[in-house]
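S.K.: Using only what follows, build the 3D model:
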Amino acid sequence: MNIVILAAGSGTRLRPYTDELPKTLVPMGKKPMLQYILDALKSFEVDKIVVVTGYRREALEEYLRDMPKVQLVYNDRFDTLNNFYSLLVALDHLKGDDFIKIDGDLVFEPRLLNILLDAEGDIRIATDTSKRLGAEEMKIEVDSRGRLVRFSKEIDPAAALGESIGMEYISADSIEPLRLALQRLYDSGHHDAYYEEAYGILGSEGHDVRPVPVPENLRWIEVDDHNDLRKGVEIFEGTR
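M.R.: The predicted structure follows:
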């Protein structure tokens with residue numbers, strides 16, 4: 001199994017930590033978010049971990065320098081392009097291999113990886129179907145077969161299945177179509193696009209893109225701000 005971790009963002013809502021650190025190295029209790037991810041991967045046979053760096057990349061290079069399976073890839077446009085470009089940068093290093101993409105601010109228990117690996121679909125999107133959705137979430141719309149046909153903030157919350165949590169399985173056969181969809185976002189000037197919009201493009205064109213519901217009893221958290229950090233400590237360090 002190959003892994004991509006997107007870790008280029010600046011994480012402004014986690015200042016002052018991110019004045020000096022990339023977001024994924026912000027401590028969540030006893031260890032950085034990235035270490036939670038790496039610890040979760042220890043249960044699996046991982047061939048390569050591609051970490052896309054950007055903001056404060058030197059700190060990540062130092063933190064990961066003794067890990068032989070890690071390949072660091074620098075996104076030199078991290079401060080001018082949205083996260084779709086980080087995924088595009090990573091794809092050149094994954095030709096011919098299935099992989100799982102993980103956001104660097106997603107902390108989760110290893111069972112989530114098993115759920116994605118055991119599911120069906122060429123592209124499988126870990127999806128929170130329990131949350132009440134509003135206008136700002138990137139929402140998923142599916143057809144009668146449960147396949148994704150649209151991925152957008154503009155979807156009516158009442159018509160949405162849920163929202164992605166920041167982890168996806170991508171088959172080897174889907175890498176080139178995904179690369180082309182991401183490149184289209186760049187070429188068309190959608191420089192503020194999220195990578196989810198590329199999945200939406202593929203789903204609307206008939207590719208096998210499927211949301212995979214995350215069980216309500218599975219522990220995970222996407223860390224955006226200090227309140228999320230506190231919740232993460234409660235969830236993963238046993239105080240909840």
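S.K.: Residue 214 is in contact with residue 128, correct?
M.R.: Yes. Judged on C-beta atoms under 8 Å, residue 128 makes contact with residue 214 at a distance of 5.6 Å. Bear in mind the C-beta positions are built from the backbone N, C-alpha and C, glycine included.
S.K.: list the residues that contact both of these two?
M.R.: residue 165 (C-beta atoms under 8 Å, 6 or more residues apart in numbering).
S.K.: Who are the packing partners of the longest strand along the chain?
M.R.: Ranked by residue count, the top strand of the chain under DSSP state E comes out as strand 162-170. When contacts are defined as 3 or more C-beta pairs under 8 Å, 6 or more residues apart in numbering; DSSP states H and E, strand 162-170 packs onto strand 99-103, strand 106-108, helix 111-118, strand 123-128, strand 139-142, strand 209-213, strand 220-222.
S.K.: So what are the sheet partners of the second one and their directions?
M.R.: Think strand 106-108. strand 220-222 (antiparallel) (DSSP bridges).
S.K.: Lowest average confidence across helices and strands of the chain, where is it?
M.R.: One helix or strand of the chain scores below all others by mean pLDDT, DSSP states H and E: strand 148-152, with a mean of 82.
S.K.: all helices of the chain, in order?
M.R.: 33-41, 57-63, 84-91, 111-118, 175-187, 196-204, 226-236 (DSSP state H).
S.K.: could I get the ones you listed as a markdown table with mean pLDDT and mean neighbour count?
M.R.: Output for those, formatted as a markdown table (pLDDT from 0 to 100; neighbours: other C-beta atoms under 10 Å):
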| stretch | mean pLDDT | mean neighbour count |
| --- | --- | --- |
| helix 33-41 | 96 | 20 |
| helix 57-63 | 95 | 16 |
| helix 84-91 | 95 | 23 |
| helix 111-118 | 96 | 16 |
| helix 175-187 | 96 | 17 |
| helix 196-204 | 91 | 22 |
| helix 226-236 | 92 | 16 |
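S.K.: Before I go, just wanted to say thanks for your time.
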